[in-house]
Structures are given as structure tokens and as C-alpha cells.
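In: sequence? don't have it. structure:
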């Protein structure tokens, strides 16, 4: 039997784990909730990694002791590092929860996203999901990064960034400081506040609801900006997100790199107005014509796991990874 490895893509919304052998064939897939220690806490890492890996191993019909190594692509991994005991205690505990004692490496979630779209060693990546960041990749390594600094300090153009502006616009509408906007009934409905509620009462309930949730959960309100039609307030937020993401990408863009732009994250996957604007910017800035969108970074995590163990992930192996992984995904 070919050597088997596990690869994890731990994101702010969900965690995906895959068992892959040294030929690039994916044998089992598992999923769980958020594995981002920044947005959900380090305890989420243990729970999500353990659950996703157990499912992946079960689906692969593989015993944990048969795994030769692991690769974990995770945003915010530095927040769960420790100078005492294991370097990454939460990751170590998560692997142990699945019965794994194999050595592991921690990879950039942004690099995993890029590698999920192409076997090229050079190119650019842009993600806009709950958070947002851009990278320049050269020789298979991240050469430059822009943003990805979290909801408090950056993530411009992200789902959080959009959702935050959406709810602020609704608050300004309800208390009379801002323009009347079609975002208001959409957001009130999303938060379970009756449309017939008096404005001051609705505002009070909205404020209470928002302050009770984790700040990054404001990303759940981002879709309101895209379903509000021609509402001027919503359009201004969407166009602002497009400009912010283009600016982030532009800060790492090197027209001399001939590789693709790989885009991921819910904002770029599902909102054509934003994705189209970013693609146009990339081409006009001399970045080339190849733009690839990926649903998640799990194929990239598998690619990085194989590369770490000396496997040359050429186009044929990469195709085997993506095609076998697609066969494992729910219909």
C-alpha cells in the first residue's frame, strides 16, 4: 500500500480533512465546524480537527496508526503556539483526539487555497470569506502577504467588513442619522426582529442581538448587501468591498509572475459583482488572464502534505488529487 497522509484545511466557517496517498489519490473526506482559533477560540481547534479527522479516517477505512504524516493549513495558527510543551498544543490535541500520533506540519491557509487551484509554483492568491487577505507565491512559497490581520485591524472587503457596514447602515437608518435603506428589513428579518416592530424597539433589539454575538459573526449579515437590489446604500458597500479587495491584491501583485490568480472565500465565490471587479483589476494591472476560483483549500492542503513528504505534485498528480477529492464530496 502507498504511504497515507492526512491533510486539514481549517477555516473560519468549517474544517475539512482528507486522507491522501502518495500517488495523489484521496481516500476519505471528513468535515466539521470552525477550526479557526482567532474567531472561535483554541478549543474549537481540538474539537474540529478531531471530528473531521475521525470522519476522514473512517471514510478511508484506515487505522490512525497507518498515517505517516499530517499537514494542517490553518488561519491564525500562531495564536495557538506555545513555548512550553508541544509547539501547537491545540493541534496536537486535535490530532490525538482522532488517534493520530504522526508528525505534523502547520501550513499557511492562504497557500493551501492557492495550491487548491493550481499546481503552478508561482502566482497570486486572494481570499475573501469571513476574513480577507492576498498573497504572492514564488517557488511554491509565500513571498508576500497583505491584510489577513483580523476583524479588528483589517480584513478589508471581507464578509465581516461588509456585514459590519451593513448593520451600521441599518442602525443609522433606524435612529435617523442615516439614509433610509432597503437593507433594514432584510437585516431585521435575519435577526428575527418583526418588521412591524416600532423603530426604537427594533433598534434596541438589534443592538442587543449584535452585542451578544462574536464580532466576526457579523459576516452572516453580508449577504444582505447583495440581495438588496439597486439600493444605493447596499451598492456603495459592495463597490467599497470591491475596491478594498483590489487594493489588497494590488499591494502584492507582481506583473512579472506569469502564474494564475486563485480566488477563494464566499464573497469571491458567490458575489459576481465583487469577483468580476477584482478579476478586471488583476488583468488591467498586468497580472495575466488566468483566474481560478476554488471552493476551499482542502486540495491545496493535500498538495502541501505530499510536497512536504517529497512527492512531486506535477499536473498529473494534481489532477488526481482534485478528481478523486471531487468524487468524495457529497453530491
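Out: Great, that's in hand. Remember, it's a predicted structure, so these values are computed and weren't measured experimentally. Residues are numbered from 1 along each chain as shown.
In: Name the nearest residue to residue 172, sequence neighbours excluded.
Out: residue 178 (2.7 Å; C-beta to C-beta, 6 or more residues apart in numbering). C-beta: built from backbone N, CA, C; applies to glycine.
In: thought that neighbour was touching residue 165?
Out: No: contact between residue 178 and residue 165 fails when scored by C-beta atoms under 8 Å: they sit 11.3 Å apart.
In: Just want to know which of the two has more residues nearby.
Out: Legend: neighbour count by other C-beta atoms under 10 Å for residue 178 and residue 165, higher for residue 165 (22 against 15).
In: Distance from the chain centre to the helix or strand containing that one, please.
Out: Using DSSP states H and E, residue 165 sits within helix 159-175. In terms of C-alpha atoms, centre = their mean, to the nearest Å, the centre of helix 159-175 is found 22 Å from the chain centre.
In: roughly how far apart are the closest residue in space to residue 195 that isn't next to it in sequence and residue 303?
Out: With sequence-adjacent residues excluded and distances taken as C-beta to C-beta, 6+ apart, residue 195 is closest to residue 185, at 5.5 Å. Look at residue 185 and residue 303: by C-beta to C-beta, to the nearest Å, they are 45 Å apart.
In: Please say which of these two ends up with more neighbours.
Out: residue 303 (31 against 15).
In: didn't the more buried one look like it was pressed against residue 116?
Out: Yes: using C-beta under 8 Å, residue 303 is in contact with residue 116, at 7.4 Å.
In: Can you tell me who residue 145 pairs with across the strands?
Out: Applying DSSP bridges to residue 145 gives these bridge partners: residue 135.
In: the domain parsing of this structure - what is it?
Out: 4-115+296-328, 120-295 (automatic domain parsing).
In: start to end distance for the longest one?
Out: Which is domain 120-295. Taking C-alpha to C-alpha, to the nearest Å, domain 120-295 runs 18 Å from one end to the other.
In: chain center to it, what's the gap?
Out: 12 Å.
In: Now the element after the helix or strand hosting residue 48, going C-ward?
Out: Using DSSP H and E, the element containing residue 48 is helix 42-60. Next in sequence after helix 42-60, counting helices and strands by DSSP H and E, comes strand 67-74.
In: can you tell me which residues contact the residue nearest to residue 172?
Out: By C-beta atoms under 8 Å, 6 or more residues apart in numbering, the contact list for residue 178 reads 169, 171-172, 233.
In: now with 10 Å?
Out: Residues in contact with residue 178 (C-beta atoms under 10 Å, 6 or more residues apart in numbering) are 168-172, 184, 233.
In: With pLDDT and distance to residue 69 added, can I get the residues you listed in TSV?
Out: Listed next are these as TSV, based on pLDDT from 0 to 100; distance: C-beta to C-beta, whole Å:
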residue	pLDDT	distance to residue 69
168	98	46
169	98	48
170	97	48
171	98	50
172	98	52
184	97	52
233	98	50
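In: Now a ChimeraX select for only the buried ones of these.
Out: Buried residues within the contacts of residue 178, by 16 or more other C-beta atoms under 10 Å, are selected in ChimeraX with:
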select :169,170,171,172,184,233
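In: does residue 181 really touch residue 167, like I thought?
Out: No: using C-beta atoms under 10 Å as the test, residue 181 is too far from residue 167 to be in contact (11.2 Å).
In: what is in contact with the two at once?
Out: Shared contacts of residue 181 and residue 167 (C-beta under 10 Å, 6+ apart): 187, 224.
In: low pLDDT regions in the stretch 101-250 of the chain?
Out: Low-confidence segments of the stretch 101-250 of the chain (pLDDT under 70): none present.
In: For it, which segments count as strands?
Out: 104-107, 123-128, 132-138, 141-147 (DSSP state E, counting those that start in this stretch).
In: Pull up the pairing partners for the first one, direction included.
Out: What that stands for is strand 104-107. In its sheet, strand 104-107 lies beside strand 67-74 (parallel), with partners assigned from DSSP bridges.
In: So which bits of the partner strand are buried?
Out: Buried-residue list, strand 67-74, by 16+ other C-beta under 10 Å: 67, 69-74.
In: One more: stretch 14-32?
Out: 14-22, 24-32.
In: now stretch 207-220
Out: For stretch 207-220, burial by neighbour count (16+ other C-beta under 10 Å) applies to 209-210, 216, 218-219.
In: Identify the bridge partners of residue 73.
Out: Per DSSP bridges, the residues bridged to residue 73 are residue 9, residue 107.
In: That one reaches residue 91, doesn't it?
Out: No: look at residue 73 against residue 91 with C-beta under 10 Å: they stay out of range, at 11.1 Å.
In: what sits against the residue nearest to residue 195?
Out: Taking C-beta under 10 Å, 6+ apart, one finds 170, 193, 195, 202, 224, 228 in contact with residue 185.
In: The nearest residue to the fourth one once chain neighbours are set aside and residue 163: what is the separation?
Out: Counting by C-beta to C-beta, 6+ apart, the nearest residue to residue 202 once its immediate chain neighbours are dropped is residue 193, at 5.3 Å. Here the criterion is C-beta to C-beta. By it, residue 193 lies 16 Å from residue 163.
In: What about residue 214? Give its phi and psi, please.
Out: phi -60, psi 140 (degrees, to the nearest 10).
In: All good on my end, thank you.
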